[in-house]
Structures are given as C-alpha cells and as structure tokens.
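Colleague: this is the structure alone, sequence omitted:
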C-alpha cells in the first residue's frame with residue numbers, strides 16, 4: 001500500500017511538472033527582448049508548475065528567482081547560459097542540494113532549438 005501511495009505521489013509530481021500553464025510569478029517581469037518574451041511563454045507552459053521565479057517560493061523544484069546570477073557561479077569555468085542549458089537537458093547532472101531528482105529529462109526532445117534558446121534568454125533575465 002505504501003509503495004502504491006509513493007508511486008501515485010511521484011506520478012502526480014511528474015504530471016505537474018510538464019506542459020501545464022501556470023502563473024507562479026512568470027508574468028511579473030517586463031521584458032524588452034522578444035526572444036526572452038517568447039521564452040517566458042515557454043517557461044509558463046513547461047516549467048512554472050514546478051518552479052517559481054519570484055522570492056523563495058518552492059513549488060516542487062527550487063525557486064528560479066535570481067537564477068542567472070547563481071548559475072554563473074555554480075560550476076567553475078562554465079557560463080551561466082551553459083549551466084542552465086545543461087540543467088534543462090540533463091537535469092540529473094546538477095540537482096540542487098535538498099531537492100530530489102524529479103525534473104523531466106525529455107526537454108531535449110519536447111522543446112525545439114528555438115524554444116530552448118528562448119527559454120534560456122528568459123532565464124538569463126532572472127538576475
């Protein structure tokens with residue numbers, strides 16, 4: 001019974017983290033760059049159900065408020081954009097301490113190259 005509950009919980013988390021349109025602060029920022037604005041839409045459709053972008057709000061994954069600044073210092077010799085891209089495409093490589101490895105691993109196939117670039121442009125506005 002406990003195993004069944006655990007499986008249901010985990011499947012619910014995965015369902016919550018993909019594809020749902022959610023507003024967890026993703027509309028707060030005014031963005032002048034059209035690519036980053038498109039990335040904000042990609043974020044809302046694919047990421048906002050698990051990640052907030054304001055404050056220290058924890059939904060499922062860590063808040064991404066200030067992620068551009070933190071990402072620049074996470075791995076020595078790696079740019080913020082490279083860190084973020086790898087975190088999206090291979091989330092198991094950089095699991096934030098205190099969080100489980102629950103992020104979907106299929107964004108490399110579900111997002112187009114343009115969508116990924118736009119998402120990265122948006123995340124880089126979160127300083």
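Modeller: Structure received. Every value quoted in this text rests on a predicted model; they were computed, and no experiment measured them.

Colleague: buried residues in the one helix or strand residue 121 maps to, which are they?
Modeller: Assigned by DSSP states H and E, residue 121 belongs to helix 113-123. Buried residues in helix 113-123, counted by 16 or more other Cβ atoms under 10 Å: 115-123. No exception for glycine: its C-beta is placed from N, CA and C like everyone else's.

Colleague: residue contacts, the residue nearest to residue 72 when sequence neighbours are not counted?
Modeller: Of all residues not flanking residue 72 in the chain, residue 80 sits nearest, at 3.9 Å (Cβ to Cβ, 6 or more residues apart in numbering). Contacts for residue 80 were tallied using Cβ atoms under 8 Å, 6 or more residues apart in numbering; they are 68-69, 71-72, 124.

Colleague: okay, the residues you listed in JSON lines with pLDDT, distance to residue 58 and neighbour count next?
Modeller: Putting the contacts of residue 80 into JSON lines (pLDDT from 0 to 100; distance: Cβ to Cβ, whole Å; neighbours: other Cβ atoms under 10 Å) gives the following:
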{"residue": "68", "pLDDT": "96", "distance to residue 58": "19", "neighbour count": "18"}
{"residue": "69", "pLDDT": "95", "distance to residue 58": "19", "neighbour count": "12"}
{"residue": "71", "pLDDT": "96", "distance to residue 58": "18", "neighbour count": "24"}
{"residue": "72", "pLDDT": "95", "distance to residue 58": "22", "neighbour count": "17"}
{"residue": "124", "pLDDT": "97", "distance to residue 58": "22", "neighbour count": "20"}
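
Colleague: let's see which of those end up in helices.
Modeller: 68-69, 71 (DSSP state H).
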